[in-house]
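give me a model of this one.
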Amino acid sequence: MTKSLTFAVIVTVGALILATAGGAEEPGMTDPAVFLRLRGIDRSERSAVEAATEWNTAADTITIKVLERLAAPAALLSVWREGAERVPAAGSPVEVADVFLQARGRAVFVAPWRLSEEAAALFGRTSFDVVRIVDERGLIVDVVVPEAAREWPRWQPIDQPAGALGIPLSNSISPGPVNPPAAAAGWPPGQPGLLLAAPHVAWYPDTPLGRAGMDYALFDSVVDGKKLVAGDTAAFYAMLAAVGQADPADIAAAAGGRSDVMSLIDPARKWFPSHRGDPLVIEGTALRARRIPIDDAFRRRELGLEHYWELFVFVETPLLDVDGRLQDSFPIVCCVRALPAGMPTGERINERVRVPGFACKRYAFGFEAPSEDQEGATTIESERRQTTLVVGPRAIWTPTPAAASNRRVELLVGFAAVAALALMFGLGILSGRRSAERAIRRGQARLPDRIDLPEEPR
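Numbering: from 1, shown residues only. Purely as a prediction, here's the structure:
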């Protein structure tokens, strides 16, 4: 199949995905040239950068204009990524065309480029980041991006696996940030073979999750202490995709055994965000297992899944005083790609599980808790808690003896229980019914609400 035919197939498939997912803004947007023209950042608009012999105010203005208009839905970026060519090798000519190119290598330096006063006043921002990437062939690529990974130090040499999908601005000049702060290293020497503008620079650190393909730069938009919000979407789905390449045994080995749950559930310890992406092993009792359909066609294709599973796993803890209540367990929310065959699911289960996975965020959940006044009347109050959200490949189920027993025996016991209850009702000895119902409500109140993942902002 020729390269042009291959790209045509990718564009056609991408158009179908975007039509289903609602990601296409205009007809033909899967074609990069059409997208760039409709956004007003095609080659004719970028020509001043290409023609410049040194960086100037015009290059500032055009670069910021490109960065602000380059943002696109994840489904569209995925189509371009599949059709994009790799940046040419060092010494090869690069045409500054209306195409997307992929750069992959080691990020060696990042620094902010301060805009001219004119550009800053026009766009309402003072800088953008410049990331230098060197690939294994020795090609130097400078990438301008709205903001590089926050964890990367500025004005200091780094060595991190990185990648970018961007459009070429120039094959001769680069901002090359100047005037570093005191005690900082200057911009590294060497003439870049290409300058790209990109909406994002991905970061794949040498960690179990990073080696599985997780882009840690996506963690920068994750918001702790809240329910899942729009900024969490990209990171959550990227984790769910990456754990498909991870083995539970390897995750458990990297975690070093069962995790310290108090670090995970106590906000005062401030475990997040410095440990986001760390391997964990959660052991406890799953009281709920929900099948969560994936409605977005692009996400189904990205993950290779029609659904995932959401578990509320109660882990054992020291005796805790939570708003005046004493308890010796606490829920941790685990989202996994798969469950073992035969494991019970639903709203009311009681199954021992072990979940190797990775820390995603501190998740806030609300629930209604019953309480009693001095007269014994029951009222329902809304409360909020925070816990850890974990993403893993699959749960490991340890069936209880009751679950593994002969089902015929269970049926006989069930029939006997029904008969006993009927007799008890007939004799009028169920005086504790109200107390039992209150106990059931208390148990249900301990379960957080279902996780609802917002749509990706467009």
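
report the beta-bridge partners for Leu320.
Beta-bridge partners recorded for Leu320 (DSSP bridges): Gln327.

for it, give me the pLDDT.
The per-residue pLDDT reported for Leu320 equals 81.

and it, how many neighbours?
For Leu320, the number of neighbouring residues by other Cβ atoms under 10 Å comes to 14. From N, CA and C alone the C-beta is placed, and that goes for glycine too.

give the rounded mean pLDDT of the longest strand along the chain.
With secondary structure taken from DSSP state E, the chain has its longest strand at strand 351-372. Averaged over strand 351-372, pLDDT sits at 82.

separation between the most centrally placed residue in the chain and Ala107?
Centroid-nearest residue in the chain: Ala235, 1.3 Å away (criterion: Cα atoms, centre = their mean). With the distance defined as Cβ to Cβ, to the nearest Å, Ala235 ends up 19 Å from Ala107.

still on that earlier bit, nearest residue to the residue nearest to the centre of the chain other than its sequence neighbours?
The shortest distance from Ala235 to any residue other than its chain neighbours is 4.1 Å, reached at Leu218 (Cβ to Cβ, 6 or more residues apart in numbering).

A helix includes the one you found, no?
Yes: note on Leu218: a helix contains this position according to DSSP: H, G, I helix; E, B strand; the rest coil.

so who does it touch?
Residues in contact with Leu218 (Cβ atoms under 8 Å, 6 or more residues apart in numbering) are Ala234, Ala235, Ala238.

of those residues, the lowest pLDDT goes to which?
Checked by pLDDT, those have Ala234 as the lowest-scoring entry (93).

can you tell me the helix or strand for that residue?
Ala234 is part of helix 233-242 when elements are defined by DSSP states H and E.

repeat that for Ala162.
Ala162 is part of strand 160-170 when elements are defined by DSSP H and E.

so what strands line up beside that strand?
strand 101-114 (antiparallel), strand 194-197 (antiparallel), strand 201-203 (antiparallel).

between the ones you listed, which gets nearest to Ser263?
Nearest to Ser263, of all the strands paired with strand 160-170, is strand 201-203, at 24.5 Å by Cβ to Cβ.

contacts for the closest one, please.
For strand 201-203, the surrounding residues in contact (Cβ under 8 Å, 6+ apart) are 107, 131, 133, 143, 145, 148-149, 152, 160-164, 210, 215-217.

returning to what we had before: gap between the strand holding Ala162 and the chain center?
On the basis of Cα atoms, centre = their mean, to the nearest Å, strand 160-170 is displaced by 21 Å from the centre of the chain it belongs to.

please enumerate the strands of the stretch 251-400 of the chain.
Per DSSP state E, counting those that start in this stretch, the stretch 251-400 of the chain carries strands over the ranges 279-293, 307-322, 325-338, 351-372, 378-394, 396-398.

which helices and strands does the shortest one pack with?
For strand 396-398, the elements it packs on are strand 351-372, judged by 3 or more Cβ pairs under 8 Å, 6 or more residues apart in numbering; DSSP states H and E.

and for Glu316, nearest residue in space, chain neighbours not counted?
Counting by Cβ to Cβ, 6+ apart, Ser329 is the residue found nearest to Glu316 once chain neighbours are left out, at 5.7 Å.

that neighbour contacts Thr317, doesn't it?
Yes: the pair Ser329 / Thr317 is scored as a contact, 6.0 Å apart, by Cβ atoms under 8 Å.

how near is Glu85 to Phe365?
Using Cβ to Cβ, which is the criterion applied here, Glu85 is 45 Å from Phe365.

more neighbours: which of the two?
Using other Cβ under 10 Å as the criterion, Glu85 and Phe365 rank with Phe365 on top: 20 against 11.

domain map for the chain?
When the chain is parsed with automatic domain parsing, its domains come out as 3-203, 218-402.

confidence-wise, which of those is weakest overall?
Ranked by mean pLDDT, the domains of the chain bottom out at domain 3-203, with a mean of 84.

quick revisit: just give me how far the longest strand of the chain sits from the chain centre.
On the basis of Cα atoms, centre = their mean, strand 351-372 sits 18 Å off its chain's mean C-alpha point.

likewise stretch 41-60?
Averaged over its C-alpha atoms, stretch 41-60 has a centre that lies 35 Å from its chain's centre (Cα atoms, centre = their mean).

and for stretch 149-168?
If you compare the mean C-alpha spot of stretch 149-168 with that of the full chain, they lie 19 Å apart, counting by Cα atoms, centre = their mean.

now do the buried residues in it.
Of the residues in stretch 149-168, 149, 151-152, 154-155, 158, 160-168 count as buried by neighbour count, 16 or more other Cβ atoms under 10 Å.

tell me the one of those residues nearest Gln191?
Using Cβ to Cβ, these come closest to Gln191 at Pro168, 15.5 Å.

so the closest residue in space to that closest one that isn't next to it in sequence versus Met239, what's the distance?
Using Cβ to Cβ, 6+ apart and skipping residues adjacent in sequence, the residue nearest Pro168 is Val96, 4.6 Å away. Per Cβ to Cβ, Val96 is found 36 Å from Met239.

tell me which of those two has more neighbours.
It is Met239, of Val96 and Met239, that has more neighbours when counted by other Cβ under 10 Å, with 30 against 19.

who's in contact with the more buried one?
Under the criterion of Cβ under 8 Å, 6+ apart, the contact list for Met239 reads Leu209, Met214, Phe358, Cys360, Val391.

and the next element down the chain from the helix or strand harbouring Arg37?
In this structure, Arg37 is located in helix 32-38 according to DSSP H and E. Tracing the chain past helix 32-38, the next element assigned as helix or strand by DSSP H and E is helix 43-51.

next secondary structure element downstream of that next one?
The element immediately downstream of helix 43-51 (helix or strand, assigned by DSSP H and E) is helix 57-70.

can you name the next helix or strand after that following helix?
Assigned by DSSP H and E, the successor of helix 57-70 is helix 74-83.

give me the angle between that next one and strand 160-170.
Angle between the axes of helix 74-83 and strand 160-170 is 90 degrees (criterion: axes from the mean of the first three to the mean of the last three Cα atoms, to 10 degrees).

the longest strand of the chain - contacts with which helices or strands?
Strand 351-372 makes packing contacts with helix 233-242, helix 248-255, strand 279-293, strand 307-322, strand 325-338, strand 378-394, strand 396-398, helix 433-445 when contacts are defined by 3+ Cβ pairs under 8 Å, 6+ apart.

tell me which of these sits most buried.
Mean neighbour counts were compared across those using mean count of other Cβ atoms under 10 Å; the top stretch is helix 233-242, at a mean of 22.
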